[in-house]
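**Q** need a 3D model of the sequence below.
(one chain, ligands or ions: 2)
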Amino acid sequence: MLGNQKELKPFKITMLGPSGVGKTTLLTVIRKQMNSAVDVSELRLETGHPQKPGTGFETDQLLQKCLEELEQLVKSKGYIAQGGIGGTGEPKKFYFNLSKLKKNVSSAKLVLEFQDYPGGWIAQEENAKQVIDYIKDSSVTILVIDTPALLERKGKHHVAVNQSEIVQQMLLRAFSEDGSNKRRLLIFAPVKCEKYLRKGNQYRELEKGIRSGYKSLIESLNSEIFNNISAVITPVQTVGNVLFSYIDEIEENGKIVTKFWYEKTNNHELAPFDAEQPLRYILGFALKDALDAKRNERLDLVNWFRDMLGLDEDLKMAIQKFGEGCKKDGGFTVIKGGHLLG
Ligand SMILES: Nc1nc2c(ncn2[C@@H]2O[C@H](COP(=O)(O)OP(=O)(O)O)[C@@H](O)[C@H]2O)c(=O)[nH]1
Ligand SMILES: [Mg+2]
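**A** Ligands and ions are numbered 1, 2, ... in the order given. All right, here's what the predicted structure looks like:
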């Protein structure tokens, strides 16, 4: 193993969103698309924490299971109702690590730690506290948003499906209670948004929907005390060939149950689109944070990057190049704090 080498501190990212919104799916397609989206001559993405044996295997296993279920979902014929793959039963850390392609195994690595957990936690007081701690402890939070719930029927189901009131409160609490003033990136990641990005200008509706569905959060973040926080929108078409179709409200055992129905295209392939974009934003942000920290001598805040800063110019360049590939239009929006991004 790595003998007495120093511990590699991971760069931490927390997933946020209620159960079923698509957190684990998003991680799965990020991994899938990174394989093709990383400029293959430059960066290598592998699973696992290089100093924690078994984490690669565990991450692979979880993502593979989710991937198989998604492939099944795309293959089946006709309409499908929302829901399907099993929820995340316990908190899980997913590790990805990035290194420069064509270097040997022991070359410099940037380790990313994604914190996933059962979505149900955010509605349970004790567990919600834990999630708030995850957010405080992370540099990046990815808020996963069910797009049809946000936009259809004038957002009638948004609060219930995306638990938007709760997540806004949690974010504000985490951000205000954190005294460290470290830089943060909040990524609004609308998923299941294939339908809205296929045609002309519909992506404008998506941006408008997010600005109104998370109005109080965005207004608060615009206050000067949150100058350390950047917020962006990165829409991800998580599965590709499955489009939102219609909402059904039916009575089951005396209760009104809402079902979101999706329609397949004739192409039965799992074809995520823009899934690597959140990672481009994350890496651009991380690198800028580290470089500025070095300049301003506040390295204590970015120990996850300290080793890498001086050591491996090649990896830095590759990360920077990858980060520069982040989209800036067609639904991709910088809400605030553009100066903190790469
Ligand atoms: N139609 C459709 N279903 C999706 C998409 N992404 C996720 N799902 C489904 O949404 C459900 C919940 O996803 P999951 O990632 O487990 O949510 P989590 O609880 O937030 O981790 C699963 O049944 C997925 O198959 C998508 O882009 N389109
Ligand atoms: Mg999950």
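
**Q** show the contacting residues for G155.
**A** A149, G209, S212, G213 (Cβ atoms under 8 Å, 6 or more residues apart in numbering). The way it works is simple: take the backbone N, C-alpha and C, and place the C-beta from them, glycine included.

**Q** if any of these are buried, give me the ChimeraX selection for them.
**A** To isolate the buried ones among the contacts of G155 in ChimeraX, judged by 16 or more other Cβ atoms under 10 Å, type:
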select :149,209,213
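
**Q** and the helix or strand hosting A189, what other elements does it pack with?
**A** Taking DSSP states H and E as the criterion, A189 maps to strand 184-191. Under the contact criterion of 3 or more Cβ pairs under 8 Å, 6 or more residues apart in numbering; DSSP states H and E, strand 184-191 touches helix 23-37, strand 140-146, helix 147-151, helix 203-213, strand 229-233, helix 277-296.

**Q** in the last one, what counts as buried?
**A** Residues 277-291, 293 are the ones in helix 277-296 that count as buried (16+ other Cβ under 10 Å).

**Q** ok, the residues you listed vs ligand 2, which is closest?
**A** P278 (16.0 Å; Cβ to the ion).

**Q** how far away is that closest one from P235?
**A** P278 sits 10 Å away from P235, going by Cβ to Cβ, to the nearest Å.

**Q** can you list residues touching both of these two?
**A** Here P278 and P235 have A189 as joint contacts, going by Cβ under 8 Å, 6+ apart.

**Q** show me the strands in the stretch 51-200 of the chain, by range?
**A** 79-81, 92-100, 110-116, 140-146, 184-191 (DSSP state E, counting those that start in this stretch).

**Q** and the ones you listed, which one is worst for confidence?
**A** Mean pLDDT per stretch puts strand 79-81 lowest among the strands of the stretch 51-200 of the chain, at a mean of 67.

**Q** poorly predicted segments of this protein, please.
**A** 1-5, 37-41, 78-79, 81-88, 103-106, 298-311 (pLDDT under 70).

**Q** can you show me the helices along it?
**A** 23-37, 55-75, 125-137, 147-151, 158-162, 164-177, 194-198, 203-213, 215-221, 277-296, 303-311, 313-324 (DSSP state H).

**Q** convert the longest one to PDB, retaining C-alpha atoms only.
**A** These are the backbone C-alpha positions of helix 55-75, laid out as PDB (Å, rounded to 0.1, in the frame of the first residue of the first chain):
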ATOM      1  CA  THR A  55     -14.000   1.400  -1.600                       C
ATOM      2  CA  GLY A  56     -13.500   1.000  -5.400                       C
ATOM      3  CA  PHE A  57     -15.200  -2.300  -5.400                       C
ATOM      4  CA  GLU A  58     -18.100  -1.100  -3.200                       C
ATOM      5  CA  THR A  59     -18.700   2.000  -5.300                       C
ATOM      6  CA  ASP A  60     -18.500  -0.100  -8.500                       C
ATOM      7  CA  GLN A  61     -21.000  -2.600  -7.200                       C
ATOM      8  CA  LEU A  62     -23.500   0.000  -6.200                       C
ATOM      9  CA  LEU A  63     -23.300   1.900  -9.400                       C
ATOM     10  CA  GLN A  64     -23.400  -1.200 -11.500                       C
ATOM     11  CA  LYS A  65     -26.600  -2.300  -9.800                       C
ATOM     12  CA  CYS A  66     -28.200   1.100 -10.400                       C
ATOM     13  CA  LEU A  67     -27.000   1.100 -14.000                       C
ATOM     14  CA  GLU A  68     -28.500  -2.300 -14.800                       C
ATOM     15  CA  GLU A  69     -31.800  -1.100 -13.400                       C
ATOM     16  CA  LEU A  70     -31.700   2.000 -15.500                       C
ATOM     17  CA  GLU A  71     -30.900   0.000 -18.600                       C
ATOM     18  CA  GLN A  72     -33.900  -2.200 -17.900                       C
ATOM     19  CA  LEU A  73     -36.100   0.900 -17.500                       C
ATOM     20  CA  VAL A  74     -35.100   2.200 -20.900                       C
ATOM     21  CA  LYS A  75     -35.500  -1.200 -22.600                       C
END
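
**Q** can you lay out the helices and strands packed on strand 184-191 as CSV showing distance to ligand 2?
**A** Converted to CSV, those look like this (distance: least, Cβ to the ion, whole Å):
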stretch, distance to ligand 2
helix 23-37, 3
strand 140-146, 9
helix 147-151, 17
helix 203-213, 21
strand 229-233, 21
helix 277-296, 16
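
**Q** wait, which of the ones you listed is closest to N253?
**A** helix 147-151 (22.5 Å; Cβ to Cβ).

**Q** give me the contact list for the closest one.
**A** 155, 157-158, 160-162, 190-193, 195-196, 205-206, 209-210, 213, 235, 244, 247, 260.

**Q** residue contacts, the closest residue to Q168 other than its chain neighbours?
**A** Leaving aside its chain neighbours, Q168 sits nearest to L217 (4.1 Å; criterion: Cβ to Cβ, 6 or more residues apart in numbering). Shown in contact with L217 (Cβ under 8 Å, 6+ apart): Q168, L171, L172.

**Q** closest to ligand 2 out of these?
**A** L171 (18.8 Å).

**Q** that'll do, ta.
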